[in-house]
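Asker: I would like the atomic coordinates for the input below:
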Amino acid sequence: MKNILGNNVTVTLFGESHGSAIGAVIDGMAPGIKVDEDFIRYQLDLRKPVGQISTPRTESDNFTILSGVFNGFTTGTPICIIIPNEDTKSKDYSEIKNKMRPGHADFTAIAKYNGFADYRGGGHFSGRITAALVAAGAVAVSALKSKGILIGTHISQCAGIGDSEFKNYEQDIAALNTKQFAALNDSAAEEMKKAIVAAKSDGDSVGGVLETAVIGMPAGVGEPWFDTVESMLSHALFSVPAVKGVEFGAGFSIAGMYGSQANDEFYYDGQKVRTKTNNNGGINGGITNGMPIIFRCAVKPTPTIHKSQHTIDIETNENIEFTAGGRHDPAIVHRARVVVDSITALVLCDILTGRYGTDWLVR
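Answerer: Numbers count the residues shown, from 1 in each chain. Presented below is the predicted three-dimensional model:
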């Protein structure tokens, strides 16, 4: 029963989708980091549902920082952020509590928690919990930005529709972080939205791929063998609901290359060491090489759909056909983008603190 991520900077999540509140506790964050509540609010807004491409459930996400922040700066003690749940309709779930929704954690939660888990809205397994992760991550994003480390994620693919690729990382990241629907190409964004609405009209859902770039990371960060940058990030990214695949740099396509193609050749750019390509995603031997960290996450389609599916009723021990009701997203890839940014920031704060010490983020 573990809900804690990190070694030096840790984050603990608590709450359930239809409980009174959700929240996060960040521990190990250096004292003196500026905490901008308007920025936390902005990040939470990027995660909120929007129109026909999202769930009708609308939460205000009015958060309260209970501890760890004084006069707008971290104190070095645990930071506790709490977000009340307001727009819940638990009756939608009491009628289906014994019917195991395909693709969901309903059955595995019962298997693990012996039937005592809160099933309403997916309980502790709900994507609703990611709001707390975004609020906590906003503190980490700000801390990294003050050190010149920037994070940006775009929807590189949704419903089979592709976005443009990163070109100028700094400009692209800045642009993405102002967009509710984070695609680099506005025309592609509109096509993706149309595909999401079409799937919704058919009672179905779609998935997508998120591509993330991190710039400004110093070379030499990461711990072989088991705390490499890839393994630390992957561990965290697979905790984001619906993420089913993670790849770095050229990813699986690197297996089809020759070594002469896959190797990133080094060169000096003034006093800086760079590579001519970035097939390894800014990481060699599990350690950062100073180039942009690039990775992609495969996000599956929302499992709750308004189509008849085969499943089981654990009360009657019968095989049944089942159609889900309630309020659900026809796609979650566009909302997951800021969640990926947030958990990436928390992991990087953790490994940077481990490399350079607690106060490095404010030095």
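Asker: from Cys80, how far off is Ala199?
Answerer: In this view, Ala199 and Cys80 are 38 Å apart by C-beta to C-beta, to the nearest Å. Just so you know, the C-beta spots here come from the backbone N, C-alpha and C atoms, and that holds for glycine as well.
Asker: point to the helix or strand of the chain where mean pLDDT is at its lowest.
Answerer: helix 91-94 (a mean of 66; mean pLDDT, DSSP states H and E).
Asker: toward the C-terminus, what is the element adjacent to it?
Answerer: Counting by DSSP states H and E, the next helix or strand C-terminal to helix 91-94 is helix 106-113.
Asker: average pLDDT for that following helix?
Answerer: Mean per-residue pLDDT for helix 106-113: 93.
Asker: got the buried residues for the very next helix or strand once past that helix?
Answerer: Toward the C-terminal end, the helix or strand that comes next after helix 106-113 (DSSP H and E) is helix 130-145. Judged by neighbour count using 16 or more other C-beta atoms under 10 Å, the buried positions of helix 130-145 are 130-144.
Asker: give the other helices and strands that helix 130-145 contacts.
Answerer: Packed against helix 130-145 by the contact rule (3 or more C-beta pairs under 8 Å, 6 or more residues apart in numbering; DSSP states H and E) you find strand 10-15, strand 21-27, helix 37-47, strand 79-84, strand 150-158, helix 333-356.
Asker: in TSV, list these along with distance to Asn177.
Answerer: Formatted as TSV, the helices and strands packed on helix 130-145 follow (distance: least, C-beta to C-beta, whole Å):
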stretch	distance to Asn177
strand 10-15	21
strand 21-27	21
helix 37-47	8
strand 79-84	20
strand 150-158	6
helix 333-356	8
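Asker: Phe125: which of those is closest?
Answerer: Proximity to Phe125, assessed across those by C-beta to C-beta, is greatest for strand 10-15 (11.2 Å).
Asker: direction included, what does the closest one pair against?
Answerer: In the sheet, strand 10-15 lines up against strand 4-5 (antiparallel), strand 21-27 (antiparallel) (DSSP bridges).
Asker: what does the first one contact?
Answerer: Meaning strand 4-5. With contact meaning C-beta atoms under 8 Å, 6 or more residues apart in numbering, strand 4-5 is reached by 10-12, 235-236, 239, 343, 346-347.
Asker: PyMOL command for the buried members of these?
Answerer: PyMOL command restricting those to the buried ones, with burial defined by 16+ other C-beta under 10 Å:
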select buried, resi 10+11+12+236+343+346+347
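Asker: right, and Asp61 touches Ile81 too?
Answerer: No. Here Asp61 does not reach Ile81: they are 10.7 Å apart, not a contact under C-beta atoms under 8 Å.
Asker: what touches both of the two?
Answerer: Shared contacts of Asp61 and Ile81, defined by C-beta under 8 Å, 6+ apart, are found at Ala135.
Asker: more crowded one of those two?
Answerer: Ile81 (25 against 21; other C-beta atoms under 10 Å).
Asker: which non-adjacent residue is nearest that one?
Answerer: In this structure, Ile81 finds its nearest non-sequential neighbour in Ala135, 4.7 Å apart by C-beta to C-beta, 6 or more residues apart in numbering.
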